[in-house]
Structures are given as C-alpha cells and as structure tokens.
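Asker: only geometry, no sequence info:
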C-alpha cells in the first residue's frame, strides 16, 4: 500500500511541476500582453499629463505645491468646484429618474422596432458633446423651437445643462442596468408574488437588491461623465456656468495660467480616481453575486393597461428628450432653401478655415479609422490580459492595470491635448506636425470601450478549451488565435464600432492638436458656432447632422450584431 502511494506521489510530482510551470508561463504571457498597453498609456497619457502638470507647478526647477492651497482658496475656483459637483449630482439623479423605466422596458418588453429604438437611444451617447450642445441650442436657445413657439429660452440656464446631460447619458443607464435586468430570472419575483407580496414589494425586496450594483455602476458612470462635462457646459452655460473641465480650458487657452490649470487637473484627477475605484468595486460585486439567465427568455409583449401605459410613457419620453433635439437639429440644417447650408460647406468662405468645411468629414473618417485600429490593438491586448481573475499580488496588479485603462474617460481631455503639444515636441517623439497625433488622442478614449465590450465575452469562453490547447503544445498566441478569436470575433466588431464612433466625436483633446488645414467635424462645428451669422450657424447644424447620421448608421449595424451575440452576460455598456 505504501509502495503504491509512493509511486502515485512520484507520478504526481511531474504533473504538479508541469502545472506550476504552465501557471508561470501564463503569468509571464499576461505580463507580456500588458506591456504594450502600459507603454502606450505611459507615453501618450501619463507623460503628457505629467508634463503639463509639472509645467504649471514648477518654477526655476522648484516645485510650488503651495500653489495648490492658493488656487483652492480663491472664491471663484471654489464656486467652480461647487457647481461641478452639484450639477453632476443633479444630472445623475435626473438621469436615473428618467432612464430607469426605459431600462425596464428594454429589458422585459418585446415590441416592434425595439432594435432600431435601442440604437436610437445610444446615438446621443456617441455624439460629440459639442453636437449635443448644438442640438439643445437649436431647441432651447435664441431663435430655437421653444423661443419661436412660446418665447421661452433656456440656454445660459442650468436647466439646459441638466436636460442635455440626461440626453447624453440616457443610454448609459438603459444599457448598464437594462442589460443586467434582462438577465435576472423573473421567476424569483413571481415566487414572491405567489407568496402574497404586492408587485412593488416583490420588486423592492427581490429585484432591486439584485440590480443595486448595476444601478450604482450606472450612477457612477453618469456622475463621471457629467463631472467632467465640457462641450455641453461651454455651449449652453455661457459665461455664467463653468465646470472644472471648462475652467481648465479657459485657464489654459484664454488666460494661459498653467499653474491654476495644473491644480484643477490634479483635483479632477483625484476625484475621477475615487469614482473609478468605487465603480470597479461595484462591478466586481455584480459579477460575483448574481446568477443570470438567457436574456432572450425574459422579454415578452406587454400585458394589461398598466404595462402598455408604461411602454407609451417611455416611448413618449424618448421622443421628447432624445428624438426631438435631433429632429430640430436636422430641421435647422435645412432652413436655407435648396440645401443651401450643405452647399455652403463645399466652399471656403472667409478666413475661418484653410479648406472648405466639408473636408472635415473626410478628415474625421480617416482619423477615426486610424484611431480604431490603434484602439483595437491596445484594447484587445489589454482585454486578453484581464481575462482571468487573479488573487494575491498579481490580482492587485491586474486590477490596477484595469483602472489605468479607464482613466482617459475621466481625466481632462483638455489637459491631454495641451500636454501633447508640450510633451511630444522633441525627438524621438516630436509628433506635433504629424497626422498621427489626432488618432493617438482619439484612441485613448476608444480603448476603454474596446476593453469593456470584449472582456465579458472573453471571460465567458470555457477556460478548459484554452487549457486543452496548451496541453497539446499550442503557444499562448496560437491559443488566442484558434480558441478565443473565433468566439469573440463578433464582439471585436462591436468594439470596433464603438471605438470608431467615440473617436469620430472626440473634441476636448482634438481641439488643441487638429491642424487648421485638417479640422475634424467636432472642431469645425465648434469654430462655426463661435462666429456670428446665420450662415455659420446653419453650416454648424449641417455638419452636426452629417456626424449624427454617420454615428446612427454605425450604431444600427452594431445593434444588428449585438442581437446575435449570445455572450453578453454581465450587462456591461
């Protein structure tokens, strides 16, 4: 007996040793996958941000940290901080109030046109904030629809900003909360009803606790986007209202007070870091605490007058809050007879552009395709590295890496753009005159969407398939190419679509680095809006309409792909 045990143990040791070597190889491979994204973010994100911050806080080689207290002690800066915080809280609360019924309808109801409508509600999110501001200016501003009908103007008021933020972030709640809601087993709530609970009590005691992490994650993301709001506040707020991002832009480009801008960048960076840390915790809780079912089995046609009324109410709110501003945008672009504003885009009138404004369409498409390729490469490697959930030291390292990937969504794009000009001006990184500078800045925003889209699908792949391929001698690259890639190809296309859409609309950094002879669509729109005259206003509306249509087509294609993707299991945006 002892001899048999000894033989078994002797035979087990080599297998254990092989397993240990395989685990070490896997860890080394994951660190190798992380190396390229880390280098990319280090050179094109951390370095420019650090350079512009250092430029503002150093004088004659000496750090002036006392400047932080000086800046934060100014009453106008404290007012900016207060307004930034409370408008973000108000925007988040209002968005949740309006969008949660929509999340339920998209999760639980099946109705005609649902696929198209889901794409429609996502269009505002991928539109540039400057276009969102333009749409609401056409609806609420001077000469807008409300002004013409009832003499009511809401531009330069906080209500215009709050409504535009709801418009922009509605899809975040619908996709994040609705994606999870559609996969919660409805039989649990039905069981509570059978045991005598009212519909509201069953929802409050069974469904709401399960949805809690998803609601918290959506609220944190909405708060993040509204806390760092730039284009919307700049266009609709006028000189009265200013967020941190707008104030950073003003201090950098108008006053050229880099020390104040650096302090505000550090404050925003600290706030965003805290928000992302809490968001990561809520996402991990959501992933580990729930048992999900196939989303296709939970949706059904509305039953009864109450459910049909809820569906009608949600459709009405979408029509008023989301579709109407876009429709007014299109209508204003057609004000000139014979498509006059669109024809004017083909001419170079005045000194505003060195080229006809229509050239911005081609520039934006070229930049967006290049940025998408970069984002897919960097984001794909990052998602592959994040696929396994590790514990211990490696797990903490991987979670820190995941947080790094999300930072560009919250750190000042203005700081990144100006940092590009300050930092990337000497060999071997003298890129200021290179066309690649714009796609690099756009790719920073696209990478988080690639990772968040691909990661749930990669984690859904059965790990035993990878292990079997490794046992048969396949290298990590071959395992990825022959096991993972065929299963995530559709998710890769969806990630490419999101990266393309958000790259197309990036504005905060591009406004600094786009050359006058190669403007992008958002930059062209902002410049046209910055000049008086009906022709400039009409051309801005026409360019915004073109950009909106391109984004809408891309999202319709994505939605068609998404409905066939069966691995969307965690409700990630």
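Answerer: That came through fine. Model, not experiment: these values are computed from the prediction. Residues are numbered from 1 along each chain as shown.

Asker: quick one: low-confidence ranges for the stretch 151-300 of the chain?
Answerer: 279-280, 282-297 (pLDDT under 70).

Asker: repeat that with 50
Answerer: The stretch 151-300 of the chain contains residues with pLDDT under 50 at 288-290.

Asker: Just the helices from it, written as ranges.
Answerer: Using DSSP state H, counting those that start in this stretch, the helices found in the stretch 151-300 of the chain span residues 158-181, 186-194, 199-202, 208-227, 231-236, 244-249, 258-289.

Asker: any chance of these in a markdown table, plus mean neighbour count?
Answerer: Placement of C-beta: from N, CA and C, glycine included. Below are these laid out as a markdown table (neighbours: other Cβ atoms under 10 Å):
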| stretch | mean neighbour count |
| --- | --- |
| helix 158-181 | 24 |
| helix 186-194 | 14 |
| helix 199-202 | 13 |
| helix 208-227 | 22 |
| helix 231-236 | 26 |
| helix 244-249 | 26 |
| helix 258-289 | 19 |
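
Asker: Please name whichever of these is nearest to residue 312.
Answerer: Proximity to residue 312, assessed across the helices of the stretch 151-300 of the chain by Cβ to Cβ, is greatest for helix 158-181 (17.0 Å).

Asker: tell me what the closest one is packed against?
Answerer: When contacts are defined as 3 or more Cβ pairs under 8 Å, 6 or more residues apart in numbering; DSSP states H and E, helix 158-181 packs onto helix 75-108, helix 114-126, helix 129-140, helix 208-227, helix 231-236.

Asker: got the angle for the fourth one vs helix 129-140?
Answerer: With axes from the mean of the first three to the mean of the last three Cα atoms, to 10 degrees as the criterion, the two stretches helix 208-227 and helix 129-140 enclose an angle of 90 degrees.

Asker: what's the answer for the longest one, then?
Answerer: Compare the direction of helix 75-108 with that of helix 129-140 by the same axes, to 10 degrees and you get 90 degrees.

Asker: Now do helix 75-108, average pLDDT.
Answerer: Mean per-residue pLDDT for helix 75-108: 92.

Asker: from memory residue 329 sits against residue 138, does it?
Answerer: Yes - contact status for residue 329 versus residue 138: in contact at 5.4 Å, counting by Cβ atoms under 8 Å.

Asker: So for those two, which residues contact both of them?
Answerer: Counting by Cβ atoms under 8 Å, 6 or more residues apart in numbering, the shared contacts of residue 329 and residue 138 are residue 541.

Asker: quick revisit: okay, the helices of the stretch 151-300 of the chain in a markdown table with distance to residue 369 next?
Answerer: Formatted as a markdown table, the helices of the stretch 151-300 of the chain follow (distance: least, Cβ to Cβ, whole Å):
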| stretch | distance to residue 369 |
| --- | --- |
| helix 158-181 | 24 |
| helix 186-194 | 42 |
| helix 199-202 | 49 |
| helix 208-227 | 25 |
| helix 231-236 | 23 |
| helix 244-249 | 27 |
| helix 258-289 | 29 |
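
Asker: Ok, which of these comes nearest residue 368?
Answerer: Short answer: helix 231-236, nearest of the helices of the stretch 151-300 of the chain by Cβ to Cβ, at 17.5 Å.

Asker: So which elements touch the closest one?
Answerer: Using 3+ Cβ pairs under 8 Å, 6+ apart: helix 231-236 touches helix 129-140, helix 158-181, helix 244-249, helix 521-529.

Asker: ok, 10 Å please
Answerer: For helix 231-236, the elements it packs on are helix 75-108, helix 129-140, helix 158-181, helix 208-227, helix 244-249, helix 521-529, judged by 3 or more Cβ pairs under 10 Å, 6 or more residues apart in numbering; DSSP states H and E.

Asker: closest to residue 518 out of the helices and strands packed on helix 158-181?
Answerer: Closest to residue 518 of the helices and strands packed on helix 158-181 is helix 129-140 (Cβ to Cβ; 17.5 Å).

Asker: Please name every helix or strand in contact with that closest one.
Answerer: Contacting helix 129-140 under the criterion 3+ Cβ pairs under 10 Å, 6+ apart are the following elements: helix 114-126, helix 145-150, helix 158-181, helix 231-236, helix 324-333, helix 485-505, helix 521-529, helix 534-564.

Asker: Of all those, which one is nearest residue 50?
Answerer: helix 485-505 (23.9 Å).
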